[in-house]
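Q: Okay, structure incoming, though there's no sequence with it:
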């Protein structure tokens, strides 16, 4: 019986990212990549050599590879399926520089060839979906946040959070409050706060309990609820509150309140 072997590859040149979906029962010989790679094993299991020795991954685990890191791969069992994101080295180097800026050390590699952390896997899934399926209607703000938050898991030294940055983060919060419909980038918000992008995400989360993108979404959901309560049609309310379409609004509305915009509209009429 010939095992399945299939690859799907997409390059997003302006972002410096290559997306790979693969399913294979083959054993890959030792090789290297030019890029940083982070992925998730979706089905099955595999064994591989890495810069930190031999490792095994099962479905739900994150896997990573550094540029020029010699590695191989073979299935444990019949076949395994995985999703990968490959990043141009300059992109990851810039993110690592921000993440470690206040630590007194520099970082240039992923520390964990296999990572079993459910929250990290959740962030990867959101990042991957945003880049591939567009199901979450991601903004540049969301994509930047997710990548920074994900990379922190691959540094094997603690990154201290400073409680003193809350006042600076409040400036970014005010910027969102003043115009929740604006398509703000993480760089713009960080510039307003006088922080690096990574510092902003952490300080903003400590201040509000939400990342900047999640905070924007909440502001827009509440605006949509106000409009619907005033009798504005659902489709019109979705666009007027900054969502790309009615289904986008509905998804976040239900997540926030537990009931649909349509149900709310009927009870407000």
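A: Happy to help now that I have it. Every value quoted in this text rests on a predicted model; they were computed, and no experiment measured them.
Q: Residue 34 and residue 66 touch, don't they?
A: No. With contact defined as C-beta atoms under 8 Å, residue 34 and residue 66 do not form a contacting pair (10.5 Å). Where C-beta positions appear, they are placed from N, C-alpha and C, glycine not excepted.
Q: Between the two, point out the one with more neighbours.
A: Under the criterion of other C-beta atoms under 10 Å, the comparison of residue 34 against residue 66 puts residue 66 first, with 21 against 9.
Q: show me where this structure has strands.
A: Here the chain has its strands, by DSSP state E, at 5-12, 17-24, 28-31, 36-43, 45-50, 53-58, 62-65, 71-75, 80-87, 114-115.
Q: Next, find the distance separating the residue nearest to the spatial centre of the chain from residue 129.
A: The chain has residue 146 as the residue nearest its centroid, 2.8 Å off, counting by C-alpha atoms, centre = their mean. Remark: distance between residue 146 and residue 129 (C-beta to C-beta, to the nearest Å) = 10 Å.
Q: and if you look at residue 67?
A: 25 Å.
Q: which residues touch residue 121?
A: Counting by C-beta atoms under 8 Å, 6 or more residues apart in numbering, residue 121 touches 40, 60-62.
Q: now those residues: which count as buried?
A: Using 16 or more other C-beta atoms under 10 Å as the burial test, the contacts of residue 121 include 40, 61-62 as buried.
Q: now, which of the residues you listed sits nearest residue 247?
A: Residue 247 lies nearest to residue 40 out of the buried ones among the contacts of residue 121, by C-beta to C-beta, at 25.8 Å.
Q: what residues are up against the closest one?
A: Applying C-beta under 8 Å, 6+ apart, we find residue 40 in contact with 60-63, 82-83, 121, 124-125, 128.
Q: try 10 Å
A: Contact analysis of residue 40 by C-beta atoms under 10 Å, 6 or more residues apart in numbering lists 57, 59-63, 81-85, 115, 120-121, 124-125, 128.
Q: Make a PyMOL selection of the buried ones in those residues.
A: Selection of buried members from these for PyMOL, criterion 16+ other C-beta under 10 Å:
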select buried, resi 57+61+62+63+81+82+83+84+85+115+120+121+124+125+128
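Q: could you list every residue that touches the closest residue to residue 166 other than its chain neighbours?
A: Leaving out its chain neighbours, the residue that sits closest to residue 166 by C-beta to C-beta, 6 or more residues apart in numbering is residue 207, at 4.7 Å. By C-beta under 10 Å, 6+ apart, the contact list for residue 207 reads 163, 165-170, 172-173, 215.
Q: on that earlier part again, show me which pair in the contacts of residue 121 is furthest apart.
A: Taking C-beta to C-beta, no two of these sit farther apart than 60 and 62, at 8.5 Å.
Q: show me where the stretch 101-250 of the chain has helices.
A: Along the stretch 101-250 of the chain, counting by DSSP state H, counting those that start in this stretch, helices occupy 118-132, 140-152, 166-178, 186-193, 197-208, 212-229, 234-240, 246-257.
Q: For the shortest one, which residues meet the burial criterion?
A: Of the residues in helix 234-240, those with enough neighbours to count as buried (16+ other C-beta under 10 Å) are 234, 237-238, 240.
Q: between those, which is closest to residue 258?
A: Among the buried residues of helix 234-240, and counting by C-beta to C-beta, the member closest to residue 258 is residue 234, at 17.2 Å.
Q: What separation do you get for the closest residue in space to residue 217 that isn't next to it in sequence and residue 126?
A: Leaving aside its sequence neighbours, residue 217 sits nearest to residue 252 (C-beta to C-beta, 6+ apart; 5.6 Å). Between residue 252 and residue 126 the computed distance is 13 Å (C-beta to C-beta).
Q: returning to what we had before: overlap in contacts of residue 34 and residue 66?
A: residue 89.
Q: quick one: low-confidence parts of the stretch 51-200 of the chain?
A: For the stretch 51-200 of the chain, the stretches flagged by pLDDT under 70 are 134-138, 160-163.
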